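Visitor: Provide a 3D model corresponding to the input given below.
(2 chains)
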Amino acid sequence: MNAEQLARIDELLGRVDRPARYIGGEMNTQIKPWEEGRASFAFCFPDTYEVAMSHLGMKILYYIINKEPDMLCERVFMPWVDMADALRQEGIPLFSLESRRELRDFDILGFTLQYEMSYTNILEMLSLGQIPLLAGERGEEMPIVIAGGPCAFNPEPLVDFIDCFAIGDGERLSVEITRLVGQLRREGLKRAEILWRLSQLEGCYVPRYYQAKYDERGILTSFEPTREGVPVRVRKRLELDLEALDFPEEIPVPYTQVVHDRIALEIMRGCTRGCRFCQAGMLYRPVRERSPERLLELAEKLIKATGYEEVSLSSLSSGDYGQLAELIRALMDRFASQRVAVSLPSMRIDSLVRQSLEETRAVRKSGLTLAPEAGTQRLRDVINKGVTEEDLLRSVTDAFESGWSSVKLYFMIGLPTETDEDVLGIARTARKVLDAYYAVPKERRAPGLRVTVSASTFVPKPFTPFQWAAQDSLDEIKRKQALLRDALRVKGLSFNWHEPELSRLEACVARGDRRLGAVILAAWQRGCRLDGWREHFKYDAWLEAFAACNLDPDFYAARPRGEQELLPWAFIDAGVTQRYLWLENERASQGIVTPDCRHGCEGCGLTRFPGACIA
Amino acid sequence: MKMLVVFSIRDRLKYIGHLDLMRAMQRALRRSGLPLRYSQGFNPHILLGFAAPLSVGSQGLREIMEVPLSAPCSPEDFLSALNAALPPLLQCVSAREVPDDYPAPMSRLAAASYLIRPLEHQEALLAALPGFLTQPSIVLPKKTKRGLQDSDIRPMIHRLEARDGQIDALLQQSPSGTCKPALLIAGLARYLDIPAPRCEIVRTGLYDAGLKPLEEA
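Guide: Sure, this is the predicted structure:
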């Protein structure tokens, strides 16, 4: 990036939408000096500024890497289409927010894989950074491209493009990778040597050392190392002591509006409920908590460093945190005078305590979100979401009596064994929620009832008991959406639904194998990017991409897998065993509920990791 | 008491909008630990008033805001606490105590001065300034809440001179009429029959009806 290009950036900013996305300079960011002996890490979030700056993982790694004296971290996010096109037109490479350096200047590019439909953005960013898209074509001077995050647990669709995957908890692994790569590059080691050394770190998966073979139907028949010395099974990196893990004491504060603009405190990692559709609940096991004392200390420092007015308690199921009520009370006691509100984004209905509601309502009254996920008890038992209608109605009644009038209910359609009666059960449940509101005396309830039913399309995910399931066809989903829409035409109810075409592609990529890389590339070449944004989603281009690669989306999305089939991600040890997942799958088809494993070990396999989960 | 504060927005930060600026300033004030005052009601917010919003893309050298305080504080302490909590490109220049009943800066604002550097047709534009001013009226369509409306900007131009390759302008800015630099440039472009050139705009000061700097009056 020369001086002329830098000057042109400023001129470009005057022409694009929301230029504040590209200027950096936010509070708690800094240009850490680039020095000899300091490894450089570009944190690449493959979505726009507004999404990236809401992501807790980015803030954690940004802080942790920058804290180390021998490395630095700068942020690179996906530009909007106007900026991306302008950069290409002007011949200006994609640049980091802090020092406006181009991607090629960095030792490592680290992409976070949060959402399958962000993968074309990865290609777009590499392309804008003038980095060869194919890992095999990158020369010695190119950065090492790594990727982590939940979708890295099925890395196969991206193996063409990523040099090394970082699987599992990233706090220490990212630092180890960065230190190693920095050191080895300075010593002049060749790329192949560096990748070999990375493959030796626990949690690292370097795809070039493995080979996949398929039969004539396209089903995976073998997946093996091509070289001795790499693990046959790649074990995820697990950090057992969450309390001891670093957590940011300051975070970047955006100028412009972003999706989540507040302090997020990770109170707990992992989940014991075992909902059968939920990938995160399986991947992040075992449950590990941070102590209330530590959280208070973090809250104090973060409030001081940011000036934020809201602290959100973040985890997969905050209601299950051991000392939730005490924590909320302690936070309110300490910070209410500073007018800091406490919020709980994810609450399990059955643990929603009235007291928590009271506490959090005191300063902030945003809408309440609950996730029954299925419309009948039968189906809830199948998916192991052990929530009863009684729990739900009690929670909403408590909420309505406490002054909430806006409730959002999350459901899925297309779940395994689902019938029309289950779909209509969603509407019946929603109507009962309305009734619960009207049952509260007028003087006690807040006006302006708004019940939103949001029904997304079920996508089978790897490392869940439903990873063998077929996704409903497009026609089926559309038919069910129409059925539900009609049943929800009631005053006070509104219905949000998700584009089934997007969900179908998500299902393809989520359970994709190595051959899908060619499809993703073909889709990008046909102009696909920012797929998660309605106005840019090009379903037809994706279908053409599949056809051009002689692959059928139904093979990935709509085909039920057999128990014996070798799954592309099974070589990864995520803790939960394939055997356990299959058992859960069988229990699902019989409608048998598996209790929360806090009450007794269910044998999911985590106990094989030393120190994890005392059975 | 209130603090009448002069601050500047420079370089990259010129791209943040007014609401973003308000939010950033509120957060900085919270970080500063200064004794702030909050509004009443369900959603209390920090009391903070700006003289006038700055258009996205313009830098501001002497922007003005007032910050009501709930306890006494010297201007020096105020500045050092707030500047420590602000990013380098958004810093306070000076502060002055005023009583609570002192009229809000927004209510006293009458004019704003700008330095405008055209990035195209620079010489032609600068040379045209005297002739431009000889027009008795300059009517241009202006975007308002009620759609496009004709506005005569001639009486709103208090000063228009060339200075070091830039246009130095003092323009009316008040409830009874505002001429933004973009409108002035549109007028100059029409006068020269050229497309409106891209410009770098810096607001250099804010003034009251007597054309005295707002922070001094």
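
Visitor: for chain B, where's the lowest mean pLDDT among helices and strands?
Guide: Least confident helix or strand, chain B: strand B:139-144 with a mean of 88, by mean pLDDT, DSSP states H and E.

Visitor: Name every strand pairing with that one and say which way it goes.
Guide: strand B:147-152 (antiparallel) (DSSP bridges).

Visitor: Please point out which parts of whichever helix or strand comes after the partner strand sit buried.
Guide: Per DSSP states H and E, strand B:147-152 leads on to strand B:157-163 as the next helix or strand towards the C-terminus. For strand B:157-163, a neighbour-count test (16 or more other C-beta atoms under 10 Å in any protein chain shown) marks B:157-158, B:160, B:162 as buried. Yep, even glycine has a C-beta here, placed from its N, CA and C like the rest.

Visitor: for stretch A:413-427, same thing?
Guide: A:413-416, A:418, A:422-427.

Visitor: now the residues you listed as JSON lines including pLDDT and distance to chain B?
Guide: Shown next, in JSON lines, are the buried residues of stretch A:413-427 (pLDDT from 0 to 100; distance: C-beta to the nearest C-beta, whole Å):
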{"residue": "A:Ile413", "pLDDT": "97", "distance to chain B": "36"}
{"residue": "A:Gly414", "pLDDT": "97", "distance to chain B": "40"}
{"residue": "A:Leu415", "pLDDT": "98", "distance to chain B": "39"}
{"residue": "A:Pro416", "pLDDT": "97", "distance to chain B": "44"}
{"residue": "A:Glu418", "pLDDT": "98", "distance to chain B": "42"}
{"residue": "A:Asp422", "pLDDT": "98", "distance to chain B": "40"}
{"residue": "A:Val423", "pLDDT": "98", "distance to chain B": "39"}
{"residue": "A:Leu424", "pLDDT": "97", "distance to chain B": "38"}
{"residue": "A:Gly425", "pLDDT": "97", "distance to chain B": "36"}
{"residue": "A:Ile426", "pLDDT": "97", "distance to chain B": "33"}
{"residue": "A:Ala427", "pLDDT": "96", "distance to chain B": "33"}
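
Visitor: of all these, which comes closest to A:Arg233?
Guide: Nearest to A:Arg233 among the buried residues of stretch A:413-427, counting by C-beta to C-beta, is A:Pro416 at 27.5 Å.

Visitor: Can you pull the residues of chain B lying near chain A?
Guide: B:12-13, B:15-17, B:19-21, B:23-24, B:26-31, B:38, B:42, B:44, B:56-57, B:85, B:87-89, B:119, B:198 (C-beta under 8 Å from any C-beta of the partner chain).

Visitor: Let me see the backbone angles for whichever residue of the stretch 101-250 of chain A sits closest to chain B.
Guide: Here the stretch 101-250 of chain A gets closest to chain B at one residue, A:Glu250, 10.4 Å apart by C-beta to the nearest C-beta. For A:Glu250, the backbone dihedrals are phi -150, psi 150 (criterion: degrees, to the nearest 10).

Visitor: give me the number of residues near the residue lying closest to it once chain neighbours are set aside?
Guide: Among residues not flanking A:Glu250 along the chain, A:Ala305 sits closest, at 3.8 Å (C-beta to C-beta, 6 or more residues apart in numbering or on different chains). A:Ala305 is flanked by 18 other residues according to other C-beta atoms under 10 Å in any protein chain shown.

Visitor: How many residues are close by residue 91?
Guide: All of this is about chain A. A:Gly91 has 9 neighbouring residues, counting by other C-beta under 10 Å.

Visitor: Hmm, no, I was thinking of chain B.
Guide: 14.

Visitor: what's near enough to touch it?
Guide: B:7-8, B:83 (C-beta atoms under 8 Å, 6 or more residues apart in numbering or on different chains).

Visitor: that's a strand at it, yeah?
Guide: Yes. Assigned with DSSP: H, G, I helix; E, B strand; the rest coil, B:Gln91 falls within a strand.

Visitor: does it have beta-bridge partners, and which?
Guide: B:Ser8.

Visitor: quick one, helices of the stretch 101-250 of chain A?
Guide: Using DSSP state H, counting those that start in this stretch, the helices of the stretch 101-250 of chain A run over A:119-128, A:170-186, A:191-199.

Visitor: List the contacts of the last one.
Guide: Around helix A:191-199, the neighbours that count as contacts under C-beta under 8 Å, 6+ apart are A:138-140, A:142, A:144, A:163-164, A:177, A:180-181, A:184-185, A:189, A:204-206, A:208-209, A:229-230.

Visitor: so what's the closest residue to chain B within the stretch 201-350 of chain A up against?
Guide: In the stretch 201-350 of chain A, no residue comes nearer to chain B than A:Gly307, which is 3.3 Å away by C-beta to the nearest C-beta. A:Gly307 makes contacts with A:27, A:253, B:26-31, B:85, as judged by C-beta under 8 Å, 6+ apart.

Visitor: Show me where chain B dips below the pLDDT cut-off.
Guide: Nowhere does chain B drop to pLDDT under 70.

Visitor: Scan the chain for its longest helix.
Guide: By default, I'm working from chain A. helix A:420-439 (DSSP state H).

Visitor: hmm, I had chain B in mind actually
Guide: helix B:18-32.

Visitor: so where is the stretch 1-150 of chain A shaky, pLDDT-wise?
Guide: Ranges of the stretch 1-150 of chain A meeting pLDDT under 70: none found.

Visitor: Just want the most central residue of chain A.
Guide: Central residue of chain A (C-alpha atoms, centre = their mean): A:Gln114, 3.6 Å from the mean position.

Visitor: Which residue, other than its chain neighbours, is closest to that one?
Guide: In space, A:Gln114 is closest to A:Gly149, 5.4 Å off (C-beta to C-beta, 6+ apart).

Visitor: re the thing from before, export the buried residues of strand B:157-163 as a markdown table, with columns for distance to B:Lys145.
Guide: Shown next, in a markdown table, are the buried residues of strand B:157-163 (distance: C-beta to C-beta, whole Å):
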| residue | distance to B:Lys145 |
| --- | --- |
| B:Ile157 | 23 |
| B:His158 | 25 |
| B:Leu160 | 27 |
| B:Ala162 | 34 |
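
Visitor: between the residues you listed, which is nearest A:Glu36?
Guide: B:Ala162 (48.6 Å).

Visitor: Tell me the spacing between the closest one and A:Thr306.
Guide: 45 Å (C-beta to C-beta, to the nearest Å).

Visitor: so the helix or strand B:Gly131 falls within versus strand B:157-163, what angle?
Guide: Using DSSP H and E, B:Gly131 sits in helix B:122-133. Interaxial angle, helix B:122-133 versus strand B:157-163 (axes from the mean of the first three to the mean of the last three C-alpha atoms, to 10 degrees): 150 degrees.

Visitor: for helix B:122-133, which positions count as buried?
Guide: B:122, B:125-126, B:128-129, B:132.

Visitor: Which parts of chain B are helices?
Guide: For chain B, the helices defined by DSSP H cover B:18-32, B:75-85, B:105-108, B:122-133, B:181-192.

Visitor: just the residues of chain A that are near chain B, which are they?
Guide: So chain A meets chain B at A:11, A:13-14, A:19-20, A:23-27, A:253, A:255-257, A:304-309, A:338-339, A:365 (C-beta under 8 Å from any C-beta).
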